[in-house]
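**Q** Structure of the sequence below:
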Amino acid sequence: HNGVTPSRVKHLAATLAEKAGRAKLNGEVRGYSPLARLWELELLGVAVAAKTALWILLAEEWMSDRVPTDVDAGVALARGRSQVEVLEQHRRRAAVEAFALVGA
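**A** As a prediction, this is how the structure comes out:
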């Protein structure tokens, strides 16, 4: 947990973005297309990369006084970098699946 609490607003925004992505790319809210999955992973990747970039700044010595004492910026940065790597693996698989259908 490391002193970082989940944001209900971000969770709601992500849920709404998922539903909107499904409706726009697949024509319906309940179904799920490979292209919708790729689009969601792209958006999630942008968000995680931005969060990680912020932790890079906050982990620097000159910014240490701006980080709450109960938060370890180094741990948060490591977690962000790990999330970027995992998302990239999923994004690549989703791209292969989505674009395989283009030529079919």
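
**Q** Next, name the residue at the spatial heart of this protein.
**A** Note on the chain: the residue nearest the mean C-alpha position is Leu44, at 2.8 Å, using C-alpha atoms, centre = their mean.

**Q** Quick check: that residue vs Glu88, distance?
**A** 11 Å (C-beta to C-beta, to the nearest Å). Any C-beta I mention is one placed from the backbone N, CA and C, and that applies to glycine too.

**Q** that older thread, per-residue pLDDT of the residue nearest to the centre of the chain, please?
**A** On pLDDT, Leu44 comes in at 92.

**Q** which phi and psi does the nearest residue to it once chain neighbours are set aside have?
**A** Closest residue in space to Leu44, ignoring its immediate chain neighbours: Leu87 at 6.2 Å, by C-beta to C-beta, 6 or more residues apart in numbering. Torsion angles at Leu87 (phi, psi; degrees, to the nearest 10) stand at phi -60, psi -40.

**Q** for the closest residue to Ser64 other than its chain neighbours, what are its contacts?
**A** By the measure of C-beta to C-beta, 6+ apart, the closest residue to Ser64 outside its immediate chain neighbours is Ala73, 7.5 Å from it. The contact partners of Ala73, by C-beta atoms under 8 Å, 6 or more residues apart in numbering, come to 55, 58-59, 63-64, 67.

**Q** isn't Leu38 right next to His90, touching?
**A** No - in this structure, Leu38 is not within contact of His90 by C-beta atoms under 8 Å, at 9.5 Å.

**Q** Looking at the two, which is more packed in?
**A** Leu38 (22 against 15; other C-beta atoms under 10 Å).
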